[in-house]
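Student: quick check, what structure comes out for this input:
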Amino acid sequence: MKLALAAFGVTPPPNLKAFITRIERLAAEASLAGADLLALPEYFSMVLAGVEIKTPDIAAELEYVVGAASQLLGQIVILAQRHRLHILAGTIPMRDADGKVRNRAPFIAPSGAVKFQDKQSMTRFEAELWNVSGGEGPKVFDTALGRIGVSICYDSEFPLHVRAQVAAGAKLILIPSCTASMAGFNRVRLSARARAVENQCYAAVIPLVGNAAWSGSIDENFGHCALFTPCDTGFPDDGVASAGPMNEPGLTFAPVYFTAIDTVRVAGNVLNHRDWQDVPPCPVVELM
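Tutor: The predicted structure is shown next:
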């Protein structure tokens, strides 16, 4: 398959229609380039708060996007269907029936089917300042492209989150991220590289980028898109299959070969996947 990883900038749109048009341009570019899957960053949805919020107010920003979540998701589902793409719609904060807000990643099939991966572990900002709650644990999406896991930003720093997904059949882990410093981005980047090595899988990082003086929640954002691999037979020696420019919005395209993962897991110089015996449970969810 071919991935289109979208480093997404934080320039506020004038309205929802303009925001959707921006996403559609990325979807059209991805489709034209032959991509099968478009991945957006964690909290890309918070850029939408700039329609109403003109000065930093983290509570108001969150409430605005939570209120727009259903409409935003519905529009992105239409884009997935129109452009015949799988779309990881970054993350969108959503309020559950229990009244709690959770950081949720919608994974959309070209058919319009939608399933979700919650962020399980909250950062201090999410837990202490936003009062965003942790959600359900890891799952694996069984798609027409193969089995894929999503580990949202901080979750990727916990090896067992990804290990559960890989043990359930995932050969690609998508890691949408939103980090307010280079240190934060490096934690996610280095964790993704470690997950790729220890599980003999692909790990793709997709960050929010840029500075938003109008926002208290996404005021500073650092990173670059990248696809990481095992450092072994059939892969780059440094484990970097593809990497985009630092802190610049745009698409990074990256081919993925699941047959290469199959090969390295039986014929690599090391067999990390086989030799890690402690396997956490992880449900498999059909997304077709």
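Student: can I assume Leu105 sits in a strand?
Tutor: Quick fix: residue 105 is Ala, not Leu. Yes: read with DSSP: H, G, I helix; E, B strand; the rest coil, Ala105 is one of the residues of a strand.
Student: low-confidence ranges, the stretch 101-250 of the chain, go.
Tutor: Within the stretch 101-250 of the chain, no stretch falls below the threshold (pLDDT under 70).
Student: contact partners for the most centrally placed residue in the chain?
Tutor: Residue closest to the average C-alpha location in the chain (CA atoms, centre = their mean): Pro176, at 2.5 Å. Contact partners of Pro176, counting by CB atoms under 8 Å, 6 or more residues apart in numbering, are 39-42, 44, 88, 90-91, 105, 150, 152-153, 206-207. For glycine as for every other residue, the C-beta is placed from the backbone atoms N, C-alpha and C.
Student: apply 10 Å and report the result again.
Tutor: Contacts for Pro176 were tallied using CB atoms under 10 Å, 6 or more residues apart in numbering; they are 5-6, 8, 39-44, 88-91, 103, 105, 117, 119, 150-153, 156, 188, 204-208.
Student: these in helices, which ones?
Tutor: Per DSSP state H, helices hold the following members of these: Val188.
Student: flag every buried residue along the longest helix anywhere in the chain.
Tutor: Longest helix of the chain, by residue count under DSSP H: helix 58-83. By neighbour count on 16 or more other CB atoms under 10 Å, the buried set for helix 58-83 is 58, 61-66, 68-69, 72-73, 75-77, 79-81, 83.
Student: same check on stretch 127-134?
Tutor: So for stretch 127-134, counting by 16+ other CB under 10 Å, buried means Trp130, Val132, Ser133, Gly134.
Student: which residues touch the third one?
Tutor: Same thing as Ser133. Counted by CB under 10 Å, 6+ apart, Ser133 has contacts Asp96, Asp98, Gly99, Lys100, Val101, Arg102, Asn103, Asp118, Lys119, Met122, Glu126, Ala127.
Student: so what's the closest residue to the fourth one other than its chain neighbours bridging to?
Tutor: In other words, Lys100. In space, Lys100 comes closest to Ser133 once its chain neighbours are excluded; the distance is 4.2 Å by CB to CB, 6 or more residues apart in numbering. Beta-bridge pairing of Ser133 under DSSP bridges involves Arg102.
Student: from now on call the first residue 35
Tutor: Shifting the count to begin at 35 puts that one at Ser167.
Student: what's the spacing between Ser167 and Arg158?
Tutor: 14 Å (CB to CB, to the nearest Å).
Student: with Pro210 instead?
Tutor: For Pro210, the distance to Arg158 - CB to CB - is 19 Å.
Student: tell me the contacts of Pro264?
Tutor: Pro264 touches 227, 230-237, 270, 273, 294-295, 298-299, 302-304, 306-307, counting by CB under 10 Å, 6+ apart.
Student: now Cys265: closest residue in space, sequence neighbours ignored.
Tutor: Gly273 (4.2 Å).
Student: count the neighbours of the one you found for me.
Tutor: 19 (other CB atoms under 10 Å).
Student: these two touch, right, it and Asp266?
Tutor: Yes: using CB atoms under 10 Å, Gly273 is in contact with Asp266, at 8.6 Å.
Student: can you give me the buried ones in stretch 116-136?
Tutor: 117, 119-128, 135-136.
Student: check stretch 175-183 too.
Tutor: Phe175, Asp176, Thr177, Leu179, Arg181, Ile182, Gly183.
Student: name the nearest of the residues you listed relative to Arg59.
Tutor: Of all these, Arg59 sits closest to Leu179, with 22.7 Å by CB to CB.
Student: so who does the closest one touch?
Tutor: Taking CB under 10 Å, 6+ apart as the test, what Leu179 contacts is Met35, Lys36, Leu37, Asp70, Leu71, His120, Ala143, Leu206, Val290, Phe292, Leu321.
Student: follow-up on the earlier one: so of the contacts of Pro264, which ones are in helices?
Tutor: Arg227, Ala230, Val231, Glu232, Asn233, Ala294, Ile295, Val298, Arg299, Asn306, His307.
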